[in-house]
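**Student:** Turn this into a structure:
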Amino acid sequence: MEAEPKPADVERRDPSSANQHRRTIFSVPVTVTVSIGQARLSVSEILELQPESIVPLTSRIEDPVDLTIDNKIIAKGELVETEDGSLGVKITEIPEQSYDDLG
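**Tutor:** Coordinates of the predicted model:
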């Protein structure tokens, strides 16, 4: 007895041009911005910045970060070090409204 195909499986097999267009849209790259904190500086403080200057941020290293697309929060996460030593974000929350805002 064969299992009934799931809706996503049916969509993938659908040869219609509308479905092909939908699949093409899913491959379009978008820029995801990770916001780790802010700093409020006066113009004179900005003009005094030099290499090696440290700008203190409003957040701590262990604070959650926001992932945004076009200034809309799509997820929250925490900073982690990846296997190759670079910085990454471990997703901890995906707000329900993020799907509504993007869809």
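**Student:** got any ranges where this protein has weak pLDDT?
**Tutor:** The model of the chain has pLDDT under 70 over residues 1-21, 98-103.
**Student:** quick one: what helix or strand has residue 78 in it?
**Tutor:** Using DSSP states H and E, residue 78 sits within strand 72-81.
**Student:** And the helices in this protein?
**Tutor:** 7-13, 17-26, 43-47, 96-102 (DSSP state H).
**Student:** just to revisit the earlier point, for the strand holding residue 78, name the packing helices and strands.
**Tutor:** strand 65-69, strand 87-93, helix 96-102 (3 or more CB pairs under 8 Å, 6 or more residues apart in numbering; DSSP states H and E). Placement of C-beta: from N, CA and C, glycine included.
**Student:** so can I have CSV of these showing distance to residue 59 and mean neighbour count?
**Tutor:** Converted to CSV, the helices and strands packed on strand 72-81 look like this (distance: least, CB to CB, whole Å; neighbours: other CB atoms under 10 Å):
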stretch, distance to residue 59, mean neighbour count
strand 65-69, 8, 17
strand 87-93, 14, 12
helix 96-102, 21, 11
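**Student:** Using a markdown table, lay out these together with distance to residue 42.
**Tutor:** As requested, the helices and strands packed on strand 72-81 are exported to a markdown table (distance: least, CB to CB, whole Å):
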| stretch | distance to residue 42 |
| --- | --- |
| strand 65-69 | 26 |
| strand 87-93 | 29 |
| helix 96-102 | 34 |
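**Student:** Between the ones you listed, which one is closest to residue 23.
**Tutor:** helix 96-102 (17.2 Å; CB to CB).
**Student:** Pull the number of nearby residues for residue 55.
**Tutor:** As a burial measure, residue 55 scores 11 neighbours (other CB atoms under 10 Å).
**Student:** shift numbering so it begins at 23
**Tutor:** Okay, residue one is now 23; in that scheme the one you just asked about reads as residue 77.
**Student:** re earlier: need the residues that contact the strand holding residue 100.
**Tutor:** 54, 56, 58, 83-84, 86-90, 109-117, 120, 123-124 (CB atoms under 8 Å, 6 or more residues apart in numbering).
**Student:** Alpha carbons of that strand, as PDB, please.
**Tutor:** The C-alpha coordinates for strand 94-103 follow below in PDB (Å, rounded to 0.1, in the frame of the first residue of the first chain):
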ATOM      1  CA  LYS A  94      12.100  42.800   9.700                       C
ATOM      2  CA  ILE A  95      13.200  40.400  12.400                       C
ATOM      3  CA  ILE A  96      13.000  36.800  11.000                       C
ATOM      4  CA  ALA A  97      14.800  35.000  13.900                       C
ATOM      5  CA  LYS A  98      16.700  35.400  17.100                       C
ATOM      6  CA  GLY A  99      19.800  33.600  18.000                       C
ATOM      7  CA  GLU A 100      23.000  33.400  20.000                       C
ATOM      8  CA  LEU A 101      26.600  34.000  18.800                       C
ATOM      9  CA  VAL A 102      28.700  30.800  18.400                       C
ATOM     10  CA  GLU A 103      32.100  29.900  17.100                       C
END
